[in-house]
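1. Generate a structure from the sequence data that follows.
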Amino acid sequence: DYLRTASWMGTRFLSRYGPEGFFLLVEGSQIDWGGHSNNLEHLIGETLDFDRAVGEVLKFAKADGRTLVIVTADHEAGGLGINRGSSMGDVKGAFTTNGHTATMVPVLAYGPGAHLFSGVYDNSDIYHKILQALGIGRESAMTREASVISTP
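-> Numbering: from 1, shown residues only. Sure, this is the predicted structure:
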């Protein structure tokens, strides 16, 4: 639960010493390790740890009211499939590779500017969307509509 605790401490520390705002990156890097090593137990454990960390940051953001939270990944690894016969607490999974796949990764956002992170787009556009949410940058993410495919 180190990641959850570090996330909680990070938001509290930075909000006290950065009254003008702050940028905090929390990475669940070992989720990737679990996918590459085709280790289902490790992947699930790290995903649950990351989920608890995101929960702490969301609690902070809800109380603060000025915080934008963005959750995404740079890629998928392992090609995990959840097989028939799985149930809550008893996942029967199999991997298709130990490398990266072409699976699209979600981008989830909460807070002011969250609306900028809807649709399907190249992951490099996230940078421009963050700049737009901050109100800075030469190029607005909204002017780049040609690279966005809207979803219903």
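
2. can we go C-alpha only for contacts and neighbour counts from here?
-> Fine.

3. partner residues bridging the nearest residue in space to residue 32 that is not next to it in sequence?
-> Closest residue in space to residue 32, ignoring its immediate chain neighbours: residue 77 at 6.1 Å, by C-alpha to C-alpha, 6 or more residues apart in numbering. In this entry, residue 77 is beta-bridged to residue 100, by DSSP bridges.

4. What is the neighbour count of residue 77?
-> Applying other C-alpha atoms under 10 Å, we find 23 residues neighbouring residue 77.

5. what does residue 46 give?
-> 21.

6. Could you look up the SS state of it?
-> Residue 46 carries the three-state label helix when classified by DSSP: H, G, I helix; E, B strand; the rest coil.

7. cool, and residue 58?
-> What three-state DSSP gives for residue 58 is helix.

8. Give me the pLDDT value at the nearest residue to it once chain neighbours are set aside.
-> Spatial nearest neighbour of residue 58, chain neighbours left out: residue 69 (7.1 Å); criterion: C-alpha to C-alpha, 6+ apart. For residue 69, the pLDDT comes out at 93.

9. that older thread, quick check: the residue nearest to residue 32 vs residue 101, distance?
-> Distance from residue 77 to residue 101, counting by C-alpha to C-alpha, to the nearest Å: 6 Å.

10. Who are the contact partners of the residue nearest to residue 58?
-> Residues in contact with residue 69 (C-alpha atoms under 8 Å, 6 or more residues apart in numbering) are 57-58, 61, 109-111, 114.

11. Flag the shaky bits of this protein, pLDDT-wise.
-> Scanning the chain for pLDDT under 70 picks out 18-19, 137-152.

12. if you go through it in chain order, where are the strands?
-> 69-71, 81-82, 93-94, 108-110 (DSSP state E).

13. Could you say which of these is packed most deeply?
-> strand 69-71 (a mean of 17; mean count of other C-alpha atoms under 10 Å).

14. That'll do, ta.
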